[in-house]
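Enquirer: kindly generate the corresponding structure for this input.
(2 chains)
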Protein chains: 2
Amino acid sequence: MALSKPTVVDIHTHMYTPSYIKLLQGRSAIPLVRQFAQAPEPRLVLFESESRALAEALRDPSSAAKTVGRALTPDYTSLQHKMSFMDAHGIDISVVSPANPWLDFIAADEAGQVAQDVNTEMADMCEQQPGRLYFFGVLPLRATLETVMSSVQHLQGLQPCRGVIMGTNGMGNGMDDKKLLPVFEALAASQLTLFLHPHQGLPQALGSSSGGADYGHVLPLALGFPFETTIGVTRMYLSGVFDAVRNLRLILAHSGGTLPFLAGRIESCIQHDAELARAAKGGKERRSVWNVLREQIYLDALVYSDVGVAAAIGASGADRLMFGSDHPFFPPLAGMDTDGMWPSVSINATAVTKAVGEGTPEAKAIMGANAIKILGLEQK
Amino acid sequence: MALSKPTVVDIHTHMYTPSYIKLLQGRSAIPLVRQFAQAPEPRLVLFESESRALAEALRDPSSAAKTVGRALTPDYTSLQHKMSFMDAHGIDISVVSPANPWLDFIAADEAGQVAQDVNTEMADMCEQQPGRLYFFGVLPLRATLETVMSSVQHLQGLQPCRGVIMGTNGMGNGMDDKKLLPVFEALAASQLTLFLHPHQGLPQALGSSSGGADYGHVLPLALGFPFETTIGVTRMYLSGVFDAVRNLRLILAHSGGTLPFLAGRIESCIQHDAELARAAKGGKERRSVWNVLREQIYLDALVYSDVGVAAAIGASGADRLMFGSDHPFFPPLAGMDTDGMWPSVSINATAVTKAVGEGTPEAKAIMGANAIKILGLEQK
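Expert: Reported below is the predicted structural model:
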């Protein structure tokens, strides 16, 4: 009798739906999609920091069109490509989320309809692959609270939906915005998990080099993204969100940004701050950052090293980590010797193996079993 | 025969010298020291983010003088207090450094003299406690290169000097400023170790709460400081400093900021960036961030958790970590049950023990033996 292969679940994997791409194609400000005659694929420009490169491409497409933003390949939009990627990498189930910047830039009066369209498309796509695809939806966070609440209700009725993905801006004022509380409460009551994901990166001044050297996306993406997530969750913690909505479940992108490494420093800073200590004394006993990490926070295992995976386990436990690939971002470069595998997948899978051993219960848990349990996935 | 207690060395411990305090007392802009009749100790105001609180204290000292900045207690300035602290905490040797913001704000034509004064005072102080005190000096980074180089030469002649402490601004343009290269070369040639330490924290917009809530120093200090260090060292790496000055030795404050946790993500971002990959191909083979961590970077063990210590060990090795206390910052709050010990010390010492076991060779190395070897300390 052959032993069945442990199930592999990818909880950090993105797509853009058809209506969203159409919306981006119609825009003249970032984020946008623009087809240049000089580039084989349309270019997807997501970040404000790419505005200079975009202006250059619009001025002189022959030199700049091929490098602005990123190529919008079918990997970002095609269900077939997602399934091929999963098959090629031995991924049984994906919990797909719309990629950044979600609906953060969409005006109040349009956002509700866009959310409904995107979420319906996500659900339809998942229903074409029952048991293999689930999704995190999006919320129209710039719209009225009533509209946001309608979206939560809509998502609750979509069978493959397991939560929502949200940027750290929240409704525009960060994750400690009191206006978010009813949204968090509605998500918790609907058993929809909140997936907190970065988009802003670093302020321009910190994210570029001194002497005009080009470090590519390293400073804003490699550092800015995890910093942003850490600031977002720390603001939530400090503002008392986790106590206010005790059954809110939060997944942090990129293994918590840097929270596992900095939780001790955050704790010490709070303990040594007279004002915060006084505030804590006034209320009931403060749950430490570590407690919240072990009671309400889940982490993806997308940190590209065994050192990071081990720290994430140390912070929140091996039963709270869930494998992720970040597909279709970070595609292999032309000329990479990848053997058909995306290094972004193999690096992260190897990191898990190195941290907890191959085929161990912890490895099986992190690679799939945790997600099945935590997100209530049913394999068909 | 009694077993001799392993030597404990504190490599992250600060002081302000008399001439520096006098200089701060004469200033009307931050950083400054100001004595208010309404506060028992002079107030030390270090951060631009404290400017509103300072204005308030100047306007209405009766309400705000006791809370602006921090109390400038003798712990920041008195040799006797430093020695008492060391004795009370079983610290045999301290490698003391001037605290931030060093000479970063001092005009070009004055900085050389201030550096000479501060460094001479540091050396004199150490010579009063031979074998128990060593120091990291400061450089007049806003002055001419010639003046900076004279300071390096001066420090090289001061027997207890083991390196220099530097903020991430460098000469004003960050750590990847090509103008710093001759300074790095001079330090390396003089076997002076560079201690990279944050001061800027987070930009105001990221470092404050959304709704006007007061999170104290948690966002700028607990998060901003380690983020700043990580950006500084990553810029150094990306600009090729470590290859250009192969014998430069760098100590990173706060266990590398977040570098141990993010090194994998940085590596992956570089590997997946077409431009950077092309640049790397053009030159000789790139040493990975991990290699540089294990060949040129040392970390203090000041991360307030065993999770952090374990990650730091995973990144650079147990032979490259050195205990630190951050004294006299983060003093115990009034009413803390500390048993005479500063929690900032006991938290960090316990983190080491939890990470590597009590009395193990690794614990002895991190608590003292590494520093003795790496910095060439002689206990008398």
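Enquirer: in contact with the nearest residue to A:Met122 once chain neighbours are set aside, which residues?
Expert: Closest residue to A:Met122 apart from its sequence neighbours, by CB to CB, 6 or more residues apart in numbering or on different chains: A:Phe135 at 4.3 Å. No exception for glycine: its C-beta is placed from N, CA and C like everyone else's. Listed by CB atoms under 8 Å, 6 or more residues apart in numbering or on different chains, the contact set of A:Phe135 reads A:Val95, A:Val96, A:Ser97, A:Met122, A:Ala123, A:Met125, A:Cys126, A:Pro160, A:Cys161, A:Arg162.
Enquirer: show me what from the stretch 51-200 of chain A comes close to chain B.
Expert: With the criterion set to CB under 8 Å from any CB of the partner chain, the stretch 51-200 of chain A comes near chain B through A:Asn173, A:Gly174, A:Asp176, A:Asp177, A:Lys178.
Enquirer: closest to B:Ala363 out of those?
Expert: A:Asp176 (38.8 Å; CB to CB).
Enquirer: my guess is that closest one contacts A:Arg235, does it?
Expert: Yes: with contact defined as CB atoms under 8 Å, A:Asp176 counts as touching A:Arg235 (3.9 Å).
Enquirer: ok, back up a step: Serialize the contacts of A:Phe135 to TSV and add fields for neighbour count.
Expert: Output for those, formatted as TSV (neighbours: other CB atoms under 10 Å in any protein chain shown):
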residue	neighbour count
A:Val95	27
A:Val96	25
A:Ser97	27
A:Met122	26
A:Ala123	20
A:Met125	18
A:Cys126	23
A:Pro160	21
A:Cys161	21
A:Arg162	24
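Enquirer: quick one on the thing from earlier: what about the residue nearest to A:Met122, distance to A:His14?
Expert: Per CB to CB, to the nearest Å, A:Phe135 is found 10 Å from A:His14.
Enquirer: do the same with A:Ile91
Expert: For A:Ile91, the distance to A:His14 - CB to CB - is 14 Å.
Enquirer: now do the shared contacts for these two.
Expert: By CB under 8 Å, 6+ apart, no residue touches both A:Ile91 and A:His14.
Enquirer: of these two, who's got more company?
Expert: A:Ile91 (24 against 21; other CB atoms under 10 Å in any protein chain shown).
Enquirer: what about chain A, any weak spots by pLDDT?
Expert: A:1-3, A:204-212, A:278-284, A:380 (pLDDT under 70).
Enquirer: how about the strands in it?
Expert: Listed in chain order, the strands of chain A (DSSP state E) span A:9-15, A:32-34, A:43-45, A:70-71, A:93-98, A:133-137, A:161-167, A:193-197, A:250-252, A:297-301, A:321-323.
Enquirer: returning to what we had before: which residues does the residue nearest to A:Met122 bridge with?
Expert: Beta bridges link A:Phe135 to A:Val96, A:Cys161 when assigned by DSSP bridges.
Enquirer: identify the contacts common to A:Phe135 and A:His14.
Expert: Jointly contacting A:Phe135 and A:His14 under the rule CB under 8 Å, 6+ apart are A:Val96, A:Ser97.
Enquirer: how about the contacts of A:Phe135, which pair is most distant?
Expert: A:Met125 and A:Arg162 (14.1 Å).
Enquirer: which parts of stretch A:92-107 are buried?
Expert: For stretch A:92-107, a neighbour-count test (16 or more other CB atoms under 10 Å in any protein chain shown) marks A:92-106 as buried.
Enquirer: actually, stretch A:244-256.
Expert: A:Val245, A:Leu248, A:Arg249, A:Leu250, A:Ile251, A:Leu252, A:Ala253, A:His254, A:Ser255, A:Gly256.
Enquirer: ditto for stretch A:360-380
Expert: Buried residues in stretch A:360-380 (16+ other CB under 10 Å): A:362-372, A:374-375, A:377.
Enquirer: show me what contacts the residue nearest to A:Gly172 when sequence neighbours are not counted?
Expert: Nearest non-adjacent residue to A:Gly172, counting by CB to CB, 6+ apart: A:Arg142, 6.6 Å away. Going by CB under 8 Å, 6+ apart, A:Arg142 touches A:Leu103, A:Asp104, A:Ile106, A:Ala107, A:Ala108, A:Ala111, A:Met171, A:Gly172.
Enquirer: so what's the closest residue to A:Met336 other than its chain neighbours up against?
Expert: Closest residue in space to A:Met336, ignoring its immediate chain neighbours: A:Pro343 at 6.7 Å, by CB to CB, 6+ apart. A:Pro343 makes contacts with A:Phe330, A:Pro332, A:Met336, B:Ser268, B:Gln271, B:His272, as judged by CB under 8 Å, 6+ apart.
Enquirer: correct me, but the fifth one touches B:Ala277?
Expert: Yes: at 6.7 Å, B:Gln271 counts as touching B:Ala277 under the criterion of CB under 8 Å.
Enquirer: A:Leu248 and A:Ala186 touch, don't they?
Expert: No: here A:Leu248 does not reach A:Ala186: they are 10.2 Å apart, not a contact under CB under 8 Å.
Enquirer: just the terminal-to-terminal distance for stretch A:100-109.
Expert: 20 Å (CA to CA, to the nearest Å).
Enquirer: list the contacts of that stretch.
Expert: With CB under 8 Å, 6+ apart as the criterion, stretch A:100-109 contacts A:23, A:31, A:46, A:111, A:114-115, A:118, A:138-144, A:147, A:165-167, A:169, A:197-199.
Enquirer: before we move on, what about stretch A:50-65?
Expert: Contacts for stretch A:50-65 (CB under 8 Å, 6+ apart): A:Ile30, A:Leu32, A:Arg34, A:Phe36, A:Ala37, A:Gln38, A:Ala39, A:Arg43, A:Val45, A:Thr67, A:Val68, A:Gly69.
Enquirer: hmm, 10 Å instead?
Expert: Stretch A:50-65 is contacted from outside by A:28-32, A:34-40, A:43-45, A:47-48, A:66-70, A:204, A:217, A:220, using CB atoms under 10 Å, 6 or more residues apart in numbering or on different chains.
Enquirer: whichever of the residues you listed end up buried, select them in ChimeraX.
Expert: ChimeraX command restricting these to the buried ones, with burial defined by 16+ other CB under 10 Å:
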select /A:30,31,32,34,36,39,43,44,45,47,48,68,69,70,217,220
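Enquirer: for burial, what's the neighbour tally of the residue nearest to A:Thr338 when sequence neighbours are not counted?
Expert: Excluding its sequence neighbours, the residue lying closest to A:Thr338 (CB to CB, 6+ apart) is A:Pro332, at 4.5 Å. With neighbours defined by other CB under 10 Å, the count for A:Pro332 comes to 17.
Enquirer: please apply the same query to the one 3 residues further on.
Expert: The tally of other residues near A:Gly335 (other CB under 10 Å) stands at 10.
Enquirer: wait, it sits on B:Ala277?
Expert: Yes: the pair A:Gly335 and B:Ala277 passes the contact test of CB atoms under 10 Å, sitting 8.5 Å apart.
Enquirer: buried residues, stretch A:183-202. List them.
Expert: Buried residues in stretch A:183-202 (16+ other CB under 10 Å): A:183-188, A:190, A:192-202.
Enquirer: swap in stretch A:336-349?
Expert: A:Trp342, A:Pro343, A:Ser344, A:Val345, A:Ile347, A:Asn348, A:Ala349.
Enquirer: Provide a list of residues in contact with the third one.
Expert: The neighbours of A:Ser344, taking CB under 10 Å, 6+ apart as the test, are A:89, A:302, A:304, A:324-332, A:338, B:268, B:271-272.
Enquirer: quick one: which of these is nearest B:Ala311?
Expert: Among the contacts of A:Ser344, and counting by CB to CB, the member closest to B:Ala311 is A:Tyr304, at 13.3 Å.
Enquirer: tally of neighbours for the residue lying closest to that closest one once chain neighbours are set aside?
Expert: The spatially closest residue to A:Tyr304, leaving aside those adjacent along the chain, is B:Gly264, at 3.3 Å (CB to CB, 6+ apart). Neighbour count for B:Gly264, taken as other CB under 10 Å: 26.
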